[in-house]
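> Everything below, folded, please.
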Amino acid sequence: MKTTYQNQEAIKYNIDIHNPIHFLKRTLMRRYLKTVRNVRKVADVGCGSGVMSRYVNAQFHGYDLHEELIEIAKRMNPHQKNSFFVKNLYDIEENDYDVVICTEMLEYLEDDEKGLRKMGEMLRPGGKLLMTVPVNKAFETSIDKSEGFRRYEKRVLVEKLEKSGFVVEKARYWGFPLTNLFYMRVYVPSSEKRKETGTFSSKAKIILQILKIAKYVFLFDLLFNVKHSFDLAIMARKK
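Here you go, the predicted model:
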């Protein structure tokens, strides 16, 4: 039975917060961000529902192509430091960001090197690019094919970053062993089912309550930097 809640947006936002995959991804981005000094202005390209803005103590600009997600971001993150825009990456005009965050977005760009160069243009000299991308073809599923994104090899992505004017300072695999299992056994099947129904199931609130607690167990994975993982986190500096 499908849920009849009128707060579908709130459910989506809170599942995004507590989903172990997104939770670990943001934890890594927050750790990287804490190493950057004098952060005054941050851009998040492909910001989705804007959850990352909760963890940035600076002027925050979130960009996404999906108007629905930007509306959720505005309603759920009303702090005066935050601004959200429906805008294509290549239409962003500002070029004085201290940090650009790009999580699970680069793989969708037809010309990823062009995208990396554009993000470089958005940064001040010495600014940092914090990003995550999917890796390892062993984790390729129907989602990869239906959404049309690529999986990277670490070596190839590092080369693309260097070619685009960046120096890679940190690069680590993440997701082994618990998040790998969650991704394949829970996340992928539930995503496929939601695509069919177009909404969250009646069990969404129950799942949300479980994830609020269970997500912390997945921090165990951050003890490992193992190639047999489904994702890669990178911090790179603009030359």
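> Leaving out chain neighbours, which residue sits closest to the residue most central in space within the chain?
Nearest to the geometric centre of the chain sits Thr103, at 3.0 Å (C-alpha atoms, centre = their mean). Distances taken as C-beta to C-beta, 6 or more residues apart in numbering put Thr132 closest to Thr103, at 4.5 Å, once the chain neighbours are dropped. All C-beta atoms are positioned from the backbone trio N, CA, C, and that covers glycine.
> swap in Lys87?
Tyr63 (5.0 Å).
> just Arg124 next, same as before
With C-beta to C-beta, 6+ apart, the residue lying closest to Arg124 is Asp96, at 5.4 Å.
> Check the gap between the one you found and Tyr63 for me.
15 Å (C-beta to C-beta, to the nearest Å).
> Among the two, which residue is more densely surrounded?
Neighbours per residue, other C-beta atoms under 10 Å: of Asp96 and Tyr63, the larger number sits with Tyr63, 22 against 11.
> you'd agree Ser53 is in a helix?
Yes - remark: Ser53 belongs to a helix, assigned using DSSP: H, G, I helix; E, B strand; the rest coil.
> just checking, it touches Pro78?
No - Ser53 is beyond contact range of Pro78, at 10.0 Å (criterion: C-beta atoms under 8 Å).
> And the two? Which one has more around it.
Each of Ser53 and Pro78 has its neighbours counted (other C-beta under 10 Å); Ser53 has more, 22 against 8.
> contacting residues around that one?
Going by C-beta atoms under 8 Å, 6 or more residues apart in numbering, Ser53 touches 44, 47, 60, 62, 73, 77, 79, 81-82.
> Please identify the buried residues of the helix-or-strand element of the chain with minimal mean pLDDT?
Within the chain, confidence by mean pLDDT, DSSP states H and E is lowest for helix 188-197 among all helices and strands, at a mean of 77. Across helix 188-197, burial judged by 16 or more other C-beta atoms under 10 Å covers 188, 190.
> The biggest strand by length in the chain: what's the following helix or strand?
In the chain, taking DSSP state E as the definition, the longest strand is strand 123-134. Scanning forward in sequence from strand 123-134 by DSSP states H and E, the next helix or strand is helix 142-147.
> Mind listing residues that contact that following helix?
Under C-beta under 8 Å, 6+ apart, the answer for helix 142-147 is 108, 134, 151, 188, 191-192, 195.
> mind redoing it with 10 Å?
107-108, 134, 137, 149-151, 183, 187-189, 191-192, 195 (C-beta atoms under 10 Å, 6 or more residues apart in numbering).
> before we move on, what about stretch 29-41?
Residues from elsewhere that reach stretch 29-41 (C-beta under 10 Å, 6+ apart): 26, 42, 44, 52, 54-61, 81, 94, 96-103, 124, 126-132, 169-170, 172, 222, 233-235, 237.
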